[in-house]
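Engineer: Predicted model and sequence below, questions to follow.
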Amino acid sequence: MNERVPVLSVKDLSVEFRTRSGVVKALENVSFHVNRGEMIGIVGESGSGKSVSALTAMGILDEAGRVTQGSINLGGLDVLNASERYLQEMRGRDVSMIFQSPRTALNPIRTVGKQIGDVLRRHGSATRQTVRAQAIKSLMSVRIPDPERRHDAYPFELSGGMCQRIMIAMALSCQPELLIADEPTTGLDVTTQAAIMDLIKELAKERNMATVLITHDLGMAADYCDRIVVMHAGHVIEQAPTEELFLKPRHPYTAKLMKATPHGEGSLDDIESIAGGLPDLRSEHLPPCRFSARCERHEDMCDMPALIADEVSPGHMVTCRRPL
Amino acid sequence: MNGSTKIRIIAGRLMQALPSVFGIIVVTFLLTRALPGDPAVYFAGPAADEKSIQQVRESLGLDKSLPEQFLIYLGDLVQGDLGVSVSTGFPVAEELWRRLPASLELTLLALIFSISVAIPLGIAAATRPNTWVDQVCRLIVTAGVSLPVFFTGLFMVYIFYYILGVAPSPLGRLDIIYLSPPPVTNFYTIDALIAGDFELFFAALAQLALPAITLGTFTLAPLARMTRGAMLQVLSSDFIRTARASGLRRSTVLYTYAFRNALLPILTTLGMVFSFMLGSNVLVEKVFAWPGIGSFAIEALIVSDYVAVQGFVLAMAILYVLLNLTIDILYTLIDPRVGLDS
């Protein structure tokens, strides 16, 4: 397949949640894509819409959520108009997802081998006779020591890092073209974090698989991703190749985010926090730029409607009227 | 976890039950002594004088001190002797043993009815919250808890026997025109099937239907509510999201993943519900003239036949302990985590 054909492409996606206290405009005009063999990072603080974007792309959005506009193309499939049956077959086979807190993300009363086997059986990659051997092979591919024995272990008998390896084995068991990793290292200790990320990176390279890494850790995204998409309050505010983004951030929020990220050198006093919080996404009249209330460069022109993304240099998009 | 550790856990649970059984023995002994009315006066008859009452008292062992009576009672219990019922003249153990199958048949059928309605209803309500199925579930749950058993029983008899005439007369385990089947298990329905007599089977089932539904309706409510709640909770958990993200079939997600996890709290409720049933059994048996241990206990209680009452309560307590043990065992079978922290 052509390297340039995106495996996943999300265009102008808007999602709302109907809650008791009003309609939450969780995503607005979100666009991004990921190519074959590429790893992109979606970065943003909690509540910025990172996970909602991923869940919508998988077609497993919560029932309260509603897509109001946009399109999602996944390997040629129109996700938003596909039947649930078709989507079910696609999940786990063409696109897989791993989550944070791997210990609760696994069924506590089923052996991990059986859970991998369930996915293999579902997508026709194994028969009753071969399923055990196949599951053990999957465990071996994520370098789990003693896979024969681990196959019959329950999640509570394994460490968090081990559980995340199991999740990865399960997600990759049917050779998907896209892996979405939603904060895969949250809740793991630091050395395990690096090991898990290295494993994901390596397996993705080996299989020429597209990967979306969702994280709030800009440093981690910088280490592993080819491109970074920055989200804030349901908007994609900037996206660019990693190096370019770090050298020349154009959106004030991205720049602030970088100053708020600890680096190897420099003392903790150099870390700046970003003033204010996310705007209330339930309010009727959200400003066109949802960062405006927190922004030092805010001027009247920022409040003009119809704010769109500008391509400031090839592949570098910024959604700001007064970029740096 | 291997087989021998499981057996050790089960044996441990059984040992833990012994103190509670002893406690029950003490409490029932004291309570039956505290009941109003003097059994000696009652059994000596209305024409008895002071001397014959004293004679009856001595023959019942009531002239001895309480600790003495208790020790005698304990000694008999160890030998499996529950004493002789003063009202029927038969040994209590024999009476209970003879009547137990009738009660068990009724209770088990009620439990089957209750489970087969409550669990599908709870699952349906949990998978479609706030739709009509959920509302129906809520209505049944509310009705189930607010209607007392004796009322439901009488109401059922009134509608199905008196008005519609579809149910047989609510008088015991079989209509008078039938002979009971040759006893094997003493469950009439099963014995009739063993004997190959289908007419008798349906006759026995028809007698069972109303009391079983009455008993089942009462226990249906907590069971349906717990199933709904547990399913809702499990369905919103992380591993269900993983299962859905892996494209597993809806049925696999719902039954293999969600329901098996929801089964743990449901099982706990089931144990509780079963003990409710043992209690309400007494009333239902009275309403339907069911010759089980419940109606035996009521009759004994009315005539101050404390030996029989003591025996009944003890039998119930042992049944209850066995039930809890069964539930503990089921727990260890379903949940691999159980038994490790104890």
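Structural biologist: Received, thanks. Numbering: from 1, shown residues only, chains lettered A, B, ... in the order given.

Engineer: Let me see the ranges of the helices in the chain.
Structural biologist: If you meant another chain, say so; for now it's chain A. Along chain A, counting by DSSP state H, helices occupy A:50-58, A:84-90, A:112-122, A:131-141, A:147-150, A:160-172, A:190-207, A:218-224, A:242-247, A:252-259.

Engineer: that's the other chain; I wanted chain B
Structural biologist: Going by DSSP H, chain B shows helices at B:3-34, B:39-44, B:50-60, B:66-78, B:92-127, B:132-146, B:149-156, B:188-194, B:198-235, B:238-245, B:250-251, B:260-287, B:293-302, B:306-334.

Engineer: Let me know which of these is the nearest to chain A.
Structural biologist: helix B:238-245 (4.3 Å; CB to the nearest CB). Where you see a C-beta, it was placed from the backbone N, CA and C, and this is true even at glycine.

Engineer: Would you mind listing what in the stretch 151-300 of chain B touches chain A?
Structural biologist: Contact residues (CB under 8 Å from any CB of the partner chain) of the stretch 151-300 of chain B with chain A: B:237-239, B:241-250, B:252, B:256-257, B:260-261.

Engineer: could you redo the last one with a cut-off of 7 Å?
Structural biologist: Contact residues (CB under 7 Å from any CB of the partner chain) of the stretch 151-300 of chain B with chain A: B:237-239, B:241-242, B:244-249, B:252, B:257, B:260-261.

Engineer: Pick out whichever of those sits closest to A:T56.
Structural biologist: Set against A:T56, the nearest of these by CB to CB is B:A245 (12.4 Å).

Engineer: number of nearby residues for the nearest residue to the closest one once chain neighbours are set aside?
Structural biologist: By the measure of CB to CB, 6 or more residues apart in numbering or on different chains, the closest residue to B:A245 outside its immediate chain neighbours is A:M97, 4.3 Å from it. By the criterion of other CB atoms under 10 Å in any protein chain shown, A:M97 has 29 neighbours.

Engineer: Which single residue of chain B ends up nearest chain A?
Structural biologist: Ranking the residues of chain B by distance to chain A (CB to the nearest CB) places B:G247 first, at 3.3 Å.

Engineer: Could you report the pLDDT at residue 169?
Structural biologist: Just so you know, I chose chain A. pLDDT, A:A169: 93.

Engineer: That was the other one, I meant chain B.
Structural biologist: Looking at B:S169, the pLDDT reads 86.

Engineer: Show me the shaky parts of the chain.
Structural biologist: Using chain A. For chain A, applying pLDDT under 70 flags the ranges A:1-4, A:264-266.

Engineer: my question was about chain B
Structural biologist: Ranges of chain B meeting pLDDT under 70: B:1-3, B:339-342.

Engineer: Would you mind giving the domain segments of it?
Structural biologist: B:1-87+B:307-318+B:337-342, B:92-302 (automatic domain parsing).

Engineer: For A:I308, see how far away A:P249 is.
Structural biologist: 19 Å (CB to CB, to the nearest Å).

Engineer: Looking at those two, which is more packed in?
Structural biologist: Higher neighbour count among A:P249 and A:I308: A:P249, with 23 against 8, using other CB under 10 Å.

Engineer: residues in contact with the more buried one?
Structural biologist: A:255, A:258, A:324 (CB atoms under 7 Å, 6 or more residues apart in numbering or on different chains).

Engineer: which of the residues you listed has the most neighbours?
Structural biologist: Greatest neighbour count in these, by other CB under 10 Å, goes to A:M258: 17 neighbours.

Engineer: Which residues are in contact with it?
Structural biologist: A:M258 neighbours (CB under 7 Å, 6+ apart): A:218, A:249.

Engineer: Thought B:G37 was touching B:S304, still the case?
Structural biologist: Yes. Using CB atoms under 7 Å, B:S304 is in contact with B:G37, at 4.4 Å.

Engineer: ok so, going back, tally of neighbours for the residue of chain B closest to chain A?
Structural biologist: Each residue near B:G247 was counted by other CB under 10 Å, and the total is 25.

Engineer: Leaving out sequence neighbours, find the closest residue to the residue nearest the centre of chain B.
Structural biologist: Central residue of chain B (CA atoms, centre = their mean): B:L278, 3.0 Å from the mean position. Using CB to CB, 6+ apart and skipping the chain neighbours, the partner closest in space to B:L278 is B:M316 (5.6 Å).

Engineer: And for B:I25?
Structural biologist: That would be B:L314: by CB to CB, 6+ apart, it lies 6.5 Å from B:I25.

Engineer: Please report how far that neighbour lies from B:D305.
Structural biologist: 14 Å.

Engineer: Which of the two has more residues huddled nearby?
Structural biologist: More crowded of B:L314 and B:D305, by other CB under 10 Å: B:D305, with 26 against 19.

Engineer: check contacts around that one.
Structural biologist: The contact partners of B:D305, by CB under 7 Å, 6+ apart, come to B:85-87.

Engineer: Ranking by neighbours, what's the top pick from those residues?
Structural biologist: For these, neighbours tallied by other CB under 10 Å; top is B:S85, 24 neighbours.

Engineer: and A:H123, how many residues sit next to it?
Structural biologist: A count of nearby residues for A:H123, using other CB under 10 Å, gives 22.

Engineer: actually B:A209, not the one I wrote
Structural biologist: Neighbours of B:A209 using other CB under 10 Å come to 17.

Engineer: and the residue lying closest to B:N281 once chain neighbours are set aside, what does it touch?
Structural biologist: Leaving aside its chain neighbours, B:N281 sits nearest to B:G294 (4.3 Å; criterion: CB to CB, 6+ apart). Contact analysis of B:G294 by CB under 7 Å, 6+ apart lists B:103, B:281-282, B:285.
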